[in-house]
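# sharing a model prediction with you, sequence too.
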Amino acid sequence: MGRNYRAHARELGNEPPAEPLLFWKPPSSLLRPGGTVELPPTDVSARVDQEAEIALVIGRRARHVAPADALAHVFGVTLAFDITARDLQKKNDQWTRAKGMDGFCPVGPLVVAGLDPQSLTFSCPVRGATRQQGDARDMIFSPAELVAYASRFFTLEPGDLLLTGTPEGVAPLEPGDDLELECGQIGVLRAS
């Protein structure tokens, strides 16, 4: 989901969306915990940003579910980076190219069941400084609303991941940067 935090939408010069903003990341974008994000050559993209996010792991098929029933279709919660080629994102109305490159979605380290995804807080330090701090209560659309909304347009299957948006603080990655996404209830997702 895109622009699900008001401050993040504003930091990029955008208005918060009136409804959830959907985009796809292909399976080839997934990267295991501890993996290395391969930055594209600068002639492909000159600015690649980190976006720290909470991810919902679907556990039961969801089609046309109501928000009140949506979280019953979620198996658990994990952490994810939505790595984004920002310059490519600005060139396209749809964001698959900017967000779907191989390895642009580090995920993990664990999937934790039984958590209220709306109650989670997380942080993302890069180069020794905290770049992003998120509180899921600041989402424009709650996790339940996101699942319900997506299920109106396509069937969510067990194992599908739904990234819930990023807070403000995105910034360019440089070769050799180590990424960390920390959430006390889930652990620490690391990538380099």
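Right, received. Where do you want to start? Residues are numbered from 1 along each chain as shown.
# just the helices in the chain please.
Taking DSSP state H, the helices of the chain run over residues 6-11, 67-70, 86-91, 96-99, 143-151.
# so which of those helices is the most packed in?
Mean neighbour counts were compared across the helices of the chain using mean count of other C-beta atoms under 10 Å; the top stretch is helix 143-151, at a mean of 22. Placement of C-beta: from N, CA and C, glycine included.
# and that helix, what's its mean pLDDT?
Taken as a whole, helix 143-151 has an average pLDDT of 98.
# just how off-centre is that helix within its chain?
Relative to the centre of its chain, helix 143-151 is centred 14 Å away, using C-alpha atoms, centre = their mean, to the nearest Å.
# what packs against that helix?
For helix 143-151, the packing partners by 3 or more C-beta pairs under 8 Å, 6 or more residues apart in numbering; DSSP states H and E come out as strand 52-58, helix 67-70, strand 161-163.
# so what touches the shortest one?
Under the criterion C-beta atoms under 8 Å, 6 or more residues apart in numbering, residues 1, 25, 53-58, 78, 80, 82, 105, 107, 143, 146-147, 150, 156 lie in contact with strand 161-163.
# pLDDT of that strand, averaged?
Averaged across strand 161-163, pLDDT comes to 98.
# could you pull out the buried residues of that strand?
161-163 (16 or more other C-beta atoms under 10 Å).
# the first one now?
Buried residues in strand 52-58, defined by neighbour count with 16+ other C-beta under 10 Å: 52-58.
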